[in-house]
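A.B. asks: missing the sequence, but the structure's below:
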């Protein structure tokens, strides 16, 4: 997979940390990595964005950001309110393809969920993934509501004939409750894709060295890691 699109089932669910974990795992395996953030919202001109956070956690890699909008809104809305041009799928695809020509792995990190609007015509990250023929890695939550959100995202992918590269839990709680534990077994079923990892809660607060050391153990073989979904799920099974 030269290009992987990383999307969430919503906002603030650990998408950037998961992107960093995938990048760190690939770097540890000796692969060259680039991270593309098509639209960064809610960040000022001189503030570090998601791409900078991935670099801080994962290590030396190439980053690219196509546009930055100051208000924390959907890219289409943020661009319109800022009086700026939106980021369209063809531009995302072109930038990703250029990076893929020089890197072993390109991670395209979206904004929020798969169908968040990027322009006034209603184009989404899914449209960019289709142009790239790239698989989509879905980042989701662990608890109540995740089965519905993951099912909807999976159905949207299938309707567009896009491949799901797997589902990763963006923040696995230190003290999982009953819903967290039960959802582990059901997530791959509703997603029709493998459960490809579970990143610990507050992983983004670790030191870069500890984050890089831990990342391969949070991700499954699909993403180059050593995490085992079967063992993890069995160990968390409710009584």
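C.D. replies: Good, I have the coordinates. These figures come from a predicted structure and were not determined experimentally.
A.B. asks: mind listing what the closest residue to residue 49 other than its chain neighbours touches?
C.D. replies: Nearest residue to residue 49 in three dimensions, chain neighbours excluded: residue 40, at 4.2 Å (CB to CB, 6 or more residues apart in numbering). (Glycine included, C-beta is placed from N, CA and C.) For residue 40, the contact set (CB atoms under 8 Å, 6 or more residues apart in numbering) comprises 49, 50, 51, 65, 67, 68, 69, 111.
A.B. asks: ok, now with 7 Å
C.D. replies: 49, 50, 65, 68 (CB atoms under 7 Å, 6 or more residues apart in numbering).
A.B. asks: quick one: which two of the residues you listed are the most distant?
C.D. replies: 50 and 68 (10.6 Å; CB to CB).
A.B. asks: Between these two, which has more neighbouring residues?
C.D. replies: residue 50 (21 against 18; other CB atoms under 10 Å).
A.B. asks: returning to what we had before: let me have the contacts of residue 40 in CSV, extended by secondary structure.
C.D. replies: Shown next, in CSV, are the contacts of residue 40 (DSSP: H, G, I helix; E, B strand; the rest coil):
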residue, secondary structure
49, coil
50, helix
65, strand
68, strand
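A.B. asks: re the thing from before, what helix or strand is the residue nearest to residue 49 located in?
C.D. replies: strand 33-41 (DSSP states H and E).
A.B. asks: element containing residue 199, please.
C.D. replies: Counting by DSSP H and E, residue 199 is found in strand 195-200.
A.B. asks: Give me the contact list for the strand or helix carrying residue 235.
C.D. replies: Using DSSP H and E, residue 235 falls within helix 229-236. Residues from elsewhere that reach helix 229-236 (CB under 7 Å, 6+ apart): 176, 181, 184, 185, 194, 195, 198, 220.
A.B. asks: what's the first one in contact with, if anything?
C.D. replies: For residue 176, the residues meeting the contact criterion (CB under 7 Å, 6+ apart) are 142, 236.
A.B. asks: which phi and psi does it have?
C.D. replies: phi -60, psi 140 (degrees, to the nearest 10).
A.B. asks: now do the last one
C.D. replies: Comment: the main-chain dihedrals of residue 220 come out as phi -80, psi 180, following degrees, to the nearest 10.
A.B. asks: Kindly report the same for the fourth one.
C.D. replies: Main-chain torsions, residue 185, degrees, to the nearest 10: phi -70, psi -30.
A.B. asks: show me the residues around residue 59 that make contact.
C.D. replies: So residue 59 contacts 24, 27, 212 (CB under 7 Å, 6+ apart).
A.B. asks: With secondary structure and pLDDT added, can I get those residues in JSON lines?
C.D. replies: Below are the contacts of residue 59 laid out as JSON lines (DSSP: H, G, I helix; E, B strand; the rest coil; pLDDT from 0 to 100):
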{"residue": "24", "secondary structure": "helix", "pLDDT": "98"}
{"residue": "27", "secondary structure": "helix", "pLDDT": "98"}
{"residue": "212", "secondary structure": "helix", "pLDDT": "98"}
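A.B. asks: Distance-wise, check the residue of the chain most remote from its centre relative to residue 177.
C.D. replies: Farthest-out residue of the chain from its mean C-alpha position, per CA atoms, centre = their mean: residue 239, at 31.7 Å. Using CB to CB, to the nearest Å, we find residue 239 at a distance of 13 Å from residue 177.
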